[in-house]
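> Here's a sequence, model it:
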Amino acid sequence: MRIAYFAHNLDDPAIARRIRMLQLGGAELAVAGFRRGDGDVVPLHGVMPVNLGRTQDARLVRRMASVVAARLPDAFLSGADLILARNLEMLAIAMRHRRRTGRTIPVVYECLDIHRLMAGKGLPGRLLRGLEGRLSRGASLLLTSSPAFVSEYFASLSNVSLPTLLVENKVLETEDTPPPAPAVPARQGPPWRIGWFGAIRCSRSLAILGSLAKAMNGQVEVVIRGRPAYSEFADFHAQVARLPHVSFLGPYDAGDLPAIYGDVHFAWAIDFFEQGLNSAWLRPNRVYESGRYAAVPIAQASVETGRFLSGSGVGILLGHDVEADLRTYFESLSPGGYEWERAKVAALPARQWSYGPADFGRLVALLEDVADGKHVESAVL
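Purely as a prediction, here's the structure:
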C-alpha cells in the first residue's frame, strides 16, 4: 500500500516515528509538509519530503494563511492508495489537493493534539470546529492517541463523526531498538534526578521543577532534554542557567532512550501548557518511554496521564497543589521507597509501553481496509 502523508511539521520527531511505524508495517510513503525549524530538508527514513515552507508553533490562525498558499505537484498523489493528514491544516490541504486532481483516494484524519482554539467556546472555536466538521465529512477514519481526546473533544464538542482508531504514543520495538533498562538503575540516589524529556513547552513546569531543586538544596536534580518551544519562555536558556541543580542537555534520538532514562530516577509527565484542555487529555510519549525504561513517572492524578498510570498501579500521582505535593514526597523519600516504586514499573509487560512488529502490520492492515473502501469500526491498536 502507498500512503500520501501530509505532515504538519517535518521537524517533529513524531512524524518520523509515524513514517517508520507505517514502513515497518509494509507501507510505502510519499511525504509533504511544513517545517518549524531552520536548515535543509532531510530524508525521513529514506523518504525525501516535499517542503511546503515554514510555519510557527502554536500559531494556528497564522498557519491557516500558509494553508491557503500551499501548493503541491499533481504527481504527489500518483499511485497513492490512501491519504493520511496530520492536524486540521493538513486535512484542508489534502482535501483541496485531492479535489483539484480529481482523485477519489480515501482520507484518514490524524489528530494527536487539540489546539486550545479548537476547544474554545467563542467564535474562533466555533468557526474552526465547523471547518473541521466539513472537512472531516470527506474522510473515512479518525486516528488519535488518547481516549480522552475522543471522550472530551471528538464525541462531545467537535463536529467530527468518524470511526476512531486509537494508536497510543508507545515506544516502537524494532530490530534495532535499544535493550530494556537493567534490573538496577545506573544511578543511585540521593540526589534524586528528575528527567523532563521531549517537547519542552511548559513554563510552569520549569518554575515548579526549578523551585523544587532549589528548595531541596542538592537532594533533587532536574535534567531537561529535548526540543524547547522557545516561544513559550521569556529566555529559556537564561532561565535554566539561573536555576541551581537544573541543566539542559539538548535534543536526543530514539536510540538514546535507555541511556537518558537510565540516568534519572523519575520522569516528569506533567504539562500545564494547555491546562484543562489538551494537557489534561493527552498521553505523552514520555509516559510510555519512562515505563519502557523503568524511570518512575510523575503525573497529576486528575488528568488522563494520571488515570492511565493509576489503572496500572504505578507512578507518583500528585494532587492539585503540585508544588507542595512534590516537595512533600521528596522530603520523605527513602532509597527503599524509590526501589519499590521502580520495581512496580519494571514489572509491567512491555505491551503496556510499546508496539512491536505485529502491531505495525495490524495498523497497515486496518488502513488497507480503509483504502479498499471497507466498512471500518472504531478500534484500539
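> Which residue ranges of the chain form helices?
Ranges of helices within the chain are 13-24, 60-69, 88-101, 123-136, 147-149, 203-215, 236-242, 257-262, 278-281, 285-292, 304-312, 322-332, 335-347, 357-371, based on DSSP state H.
> any idea which of the ones you listed is most buried?
Among those, the stretch with the highest mean neighbour count (mean count of other Cβ atoms under 10 Å) is helix 285-292, at a mean of 26. C-beta coordinates here come from the backbone N, C-alpha and C atoms, glycine included.
> nearest residue to E168 other than its sequence neighbours?
Sequence neighbours aside, S145 is the residue nearest to E168 in space, at 5.6 Å (criterion: Cβ to Cβ, 6 or more residues apart in numbering).
> wait, V150
V150 sits nearest to T164 (Cβ to Cβ, 6+ apart), 5.6 Å away.
> burial of that neighbour, as a residue count?
T164 has 19 neighbouring residues, counting by other Cβ atoms under 10 Å.
> wait, it sits on V376?
No: using Cβ atoms under 8 Å, T164 is not in contact with V376, being 9.8 Å away.
> Find residues that contact each of the two.
Counting by Cβ atoms under 8 Å, 6 or more residues apart in numbering, the residues touching both T164 and V376 are L141.
> how long is stretch 130-149 from one end to the other?
18 Å (Cα to Cα, to the nearest Å).
> what's the answer for stretch 363-377, then?
13 Å.
> and what of stretch 361-381?
Where stretch 361-381 starts and where it finishes are 10 Å apart, if you go by Cα to Cα.
> what is the residue nearest to V150 paired to in the beta sheet?
L142 (DSSP bridges).
> Return the residues in contact with it.
L141, L142, L143, T144, V150, F154, S378, A379.
> just to revisit the earlier point, OK, contacts around the residue nearest to E168?
Per Cβ under 8 Å, 6+ apart, neighbours of S145: L112, L166, V167, E168, N169, L282, R283.
> If I follow the layout properly, the last one ends up in contact with T305?
It stands for R283. Yes: between R283 and T305 there is a contact under Cβ under 8 Å: 5.8 Å.
> Skip the chain neighbours and tell me the closest residue to F308.
In space, F308 is closest to R283, 5.7 Å off (Cβ to Cβ, 6+ apart).
> wait, I meant F330
V220 (5.5 Å).
> and the gap between that neighbour and A295?
Counting by Cβ to Cβ, to the nearest Å, the gap from V220 to A295 is 14 Å.
> When the two are compared, which one has more neighbours?
Set V220 next to A295 and count neighbours by other Cβ under 10 Å: A295 wins out with 29 against 26.
> was I right about that one contacting W268?
No: counting by Cβ under 8 Å, A295 stays clear of W268, with 9.8 Å between them.
> Name the residues contacting each of these two.
In contact with both A295 and W268: G195, using Cβ under 8 Å, 6+ apart.
> if I pick Q23, what's in contact with it?
Taking Cβ under 8 Å, 6+ apart as the test, what Q23 contacts is L29, H45.
> For it, give its distance to F272.
Following Cβ to Cβ, the distance that separates Q23 from F272 is 35 Å.
> For P180, give me the pLDDT.
The per-residue pLDDT reported for P180 equals 67.
> If you count neighbours, what's buried in stretch 215-230?
M216, Q219, V220, E221, V222, V223, I224, R225, G226, R227, P228, A229 (16 or more other Cβ atoms under 10 Å).
> Please name the nearest non-neighbouring residue to the first one.
Ranked by Cβ to Cβ, 6+ apart and with sequence neighbours excluded, the top spatial neighbour of M216 is F330, at 6.0 Å.
> quick one: that neighbour from K214, how far?
12 Å.
> Check N285 too.
28 Å.
> Equivalent analysis for V160, please.
Distance from V160 to K214, by Cβ to Cβ: 45 Å.
> Can you find the helix or strand of the chain with the lowest average pLDDT?
Within the chain, judged by mean pLDDT, DSSP states H and E, the helix or strand with the poorest mean is helix 60-69; its value is a mean of 67.
> any idea how far F6 is from the most far-flung residue of the chain relative to its centre?
In terms of distance from the mean C-alpha position of the chain, G102 ranks first, at 33.3 Å (Cα atoms, centre = their mean). Separation of G102 from F6 (Cβ to Cβ): 18 Å.
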